[in-house]
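A.B. asks: Quick one, fold the following:
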Amino acid sequence: MLSYKFPIYPNKEQREKLDFAFDMCRFTYNKLLEELHKQDKIDRGEIQHKLLELKVQNPDLEGVYSKTLQYECYRLFSNLSALTRLKKNGRKVGRLRFKGKEWFKTITYNQSGFRFERKTDKRGIIHLSKIGEIKVKTHRPVSGNIKQLTLKRSDGKWYIILQTDSNRTDLIHGYSEIGIDLGIESYLTDNTGKKIDNPKTLEKYQSKLSIMQKNLSKKKKGSKNRQKARRQLAKMHQKIVNIRNDFIQKTTTDLVRNCRFIAVEKLNIKGMMEEPYHNAKNISDASWNRFLQTLRYKAGSAGCEVAEVDPRNTSKMCSNCGAIKEMPLYIREYRCNKCHINIDRDHNSAINILKKASVGPERACAEGMKAYPMNQEASGFSPR
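C.D. replies: Got it, this is the predicted structure:
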């Protein structure tokens, strides 16, 4: 499904209705979770029936669209399934937690209860049941049939996320075949030696974040000044996220438009962050996982192929003769003792990545390479 995210601008009365709908959905979720905790053996049917009892006991729930309340039951069991999967993967997990007001940020209209109209190139209207018509800023047309609408509240700003049954058709792949090596100093280096600098967004705003965090810690808990300081800090964090995502979207789009085959390393990012190199913050700021997910999604939409290869020895192996030598992180140039080639470390690694991915589909499985076919689509990302 293709997703579109647009800002909306409710008036004072509509904001009150939206806040009320969010509070009622949060109340419903917490009550259903309370019923779940009481059960020795989980009975989904009984919990779904609890929703009818809640409506009788709390007439205020009639002020919220019924399918939006029903979706909270689906959300509850989706969260429960996610915890179960984490537990099966060996992660330590506890019980589901009740949602506080600051931790409940979305409600969903599933299949009905809404109508979207695009009036001009940049303006539209969304009609929501029990809330009314709200102005929408639309920066691009919506294709396909809208199957679901999610309302998101983020520090005083409101957004809608429309999910449609359409596929992306505007992105067309190029003709190059490249291997890319992800890094910290240079965000990525390809097999031709081309580098893209790392924006290091968090580092640029670290001093401002520190000042704002200290300012927040000095405010009295529960005071209006503390709420104001918290909102300012949240806006700064959101700005950092937006800059980082903008860089990722533009970079991945350029790669797909220029290439028909892209080889990348299959990185264990969590394991790399746990290594004693004091580099976890930089790795987290680089957001490699989101970059790779976005790249796979766009490549699948454009008919481009992305292949993941085993990263073993890609930095240690000479791209010219195949000799292997130790390469500590602080050594940034590869000097082969056998063929005497001098080459940038990341450039050498990118060449090796492409060579590993070029062994063909028959040998790919034997060498631990994962290839994504041209018709693959990834969910959860809105294309740029």
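A.B. asks: For I178, identify the helix or strand it belongs to.
C.D. replies: Applying DSSP states H and E as the criterion places I178 in strand 176-182.
A.B. asks: scratch that, E133 is what I was asking about
C.D. replies: According to DSSP H and E, E133 maps onto strand 132-137.
A.B. asks: Only C-alpha atoms, please: export the helix or strand just after that strand in PDB.
C.D. replies: As assigned by DSSP H and E, the chain's next helix or strand after strand 132-137 is strand 146-154. In PDB, the C-alpha atoms belonging to strand 146-154 read as follows (Å, rounded to 0.1, in the frame of the first residue of the first chain):
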ATOM      1  CA  ILE A 146      -8.000   5.300   0.000                       C
ATOM      2  CA  LYS A 147      -8.400   2.300   2.200                       C
ATOM      3  CA  GLN A 148      -7.400   3.700   5.600                       C
ATOM      4  CA  LEU A 149      -6.800   7.100   7.300                       C
ATOM      5  CA  THR A 150      -4.700   7.700  10.300                       C
ATOM      6  CA  LEU A 151      -4.700  10.900  12.400                       C
ATOM      7  CA  LYS A 152      -1.500  11.800  14.100                       C
ATOM      8  CA  ARG A 153      -0.900  14.400  16.800                       C
ATOM      9  CA  SER A 154       2.600  15.700  17.300                       C
END
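A.B. asks: Who are the packing partners of the strand holding I178?
C.D. replies: Packing partners of strand 176-182 (3 or more Cβ pairs under 8 Å, 6 or more residues apart in numbering; DSSP states H and E): strand 186-190, helix 224-258, strand 259-265, helix 345-357. For the C-beta atoms, the positions are set from N, CA and C on the backbone; glycine is no exception.
A.B. asks: one more time with 7 Å
C.D. replies: Using 3 or more Cβ pairs under 7 Å, 6 or more residues apart in numbering; DSSP states H and E, the elements in contact with strand 176-182 are strand 186-190, strand 259-265, helix 345-357.
A.B. asks: Dump those to CSV, plus distance to T251, mean pLDDT and mean neighbour count.
C.D. replies: Below are the helices and strands packed on strand 176-182 laid out as CSV (distance: least, Cβ to Cβ, whole Å; pLDDT from 0 to 100; neighbours: other Cβ atoms under 10 Å):
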stretch, distance to T251, mean pLDDT, mean neighbour count
strand 186-190, 7, 92, 22
strand 259-265, 12, 93, 24
helix 345-357, 15, 92, 24
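A.B. asks: so the strand holding I178 versus helix 224-258, what angle?
C.D. replies: On the basis of axes from the mean of the first three to the mean of the last three Cα atoms, to 10 degrees, strand 176-182 is oriented at 150 degrees to helix 224-258.
A.B. asks: Sheet partners, orientation included, of strand 176-182?
C.D. replies: Take DSSP bridges as the rule and strand 176-182 pairs in its sheet with strand 186-190 (antiparallel), strand 259-265 (parallel).
A.B. asks: I'd like to check the angle between the last one and helix 345-357, please.
C.D. replies: Our comparison of strand 259-265 with helix 345-357, counting by the same axes, to 10 degrees, yields an angle of 110 degrees.
A.B. asks: Centre of the chain to strand 259-265, how far?
C.D. replies: From the chain centre to the centre of strand 259-265 is a distance of 21 Å (Cα atoms, centre = their mean, to the nearest Å).
A.B. asks: Just the pLDDT at the most centrally placed residue in the chain, thanks.
C.D. replies: In the chain, the residue lying closest to the centroid (Cα atoms, centre = their mean) is R290, at 5.9 Å. Note for R290: predicted pLDDT of 94.
A.B. asks: tell me the contacts of it?
C.D. replies: By Cβ atoms under 7 Å, 6 or more residues apart in numbering, the residues touching R290 are I248.
A.B. asks: any idea which helix or strand carries it?
C.D. replies: For R290, the host element (DSSP H and E) is helix 288-302.
A.B. asks: Next, the angle strand 259-265 makes with the following helix or strand past that helix.
C.D. replies: For helix 288-302, the succeeding helix or strand toward the C-terminus, using DSSP H and E, is strand 305-309. Angle, strand 305-309 to strand 259-265, by the same axes, to 10 degrees: 20 degrees.
A.B. asks: Can I get strand 305-309 as CSV, trimmed to CA atoms?
C.D. replies: Extracted C-alpha coordinates of strand 305-309, given in CSV (Å, rounded to 0.1, in the frame of the first residue of the first chain):
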residue,chain,number,x,y,z
GLU,A,305,17.4,-4.8,-7.9
VAL,A,306,19.1,-4.6,-4.5
ALA,A,307,21.4,-7.4,-3.3
GLU,A,308,22.7,-7.8,0.2
VAL,A,309,26.1,-9.6,0.5
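A.B. asks: Now it: average pLDDT?
C.D. replies: 92.
A.B. asks: Ok, stretch 98-105 next?
C.D. replies: For stretch 98-105, the per-residue pLDDT averages 87.
A.B. asks: buried residues in it?
C.D. replies: Across stretch 98-105, burial judged by 16 or more other Cβ atoms under 10 Å covers K99, F104, K105.
A.B. asks: Over to stretch 308-327?
C.D. replies: Buried residues in stretch 308-327, counted by 16+ other Cβ under 10 Å: E308, V309, P311, T314, S315, M317, C318, S319, M327.
A.B. asks: any idea how the protein splits into domains?
C.D. replies: Recorded structural domains for the chain (assignment: automatic domain parsing) are 2-164, 176-204+233-372.
A.B. asks: Any chance of these in a markdown table with distance to K221 as columns?
C.D. replies: Below are those laid out as a markdown table (distance: least, Cβ to Cβ, whole Å):
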| stretch | distance to K221 |
| --- | --- |
| domain 2-164 | 13 |
| domain 176-204+233-372 | 15 |
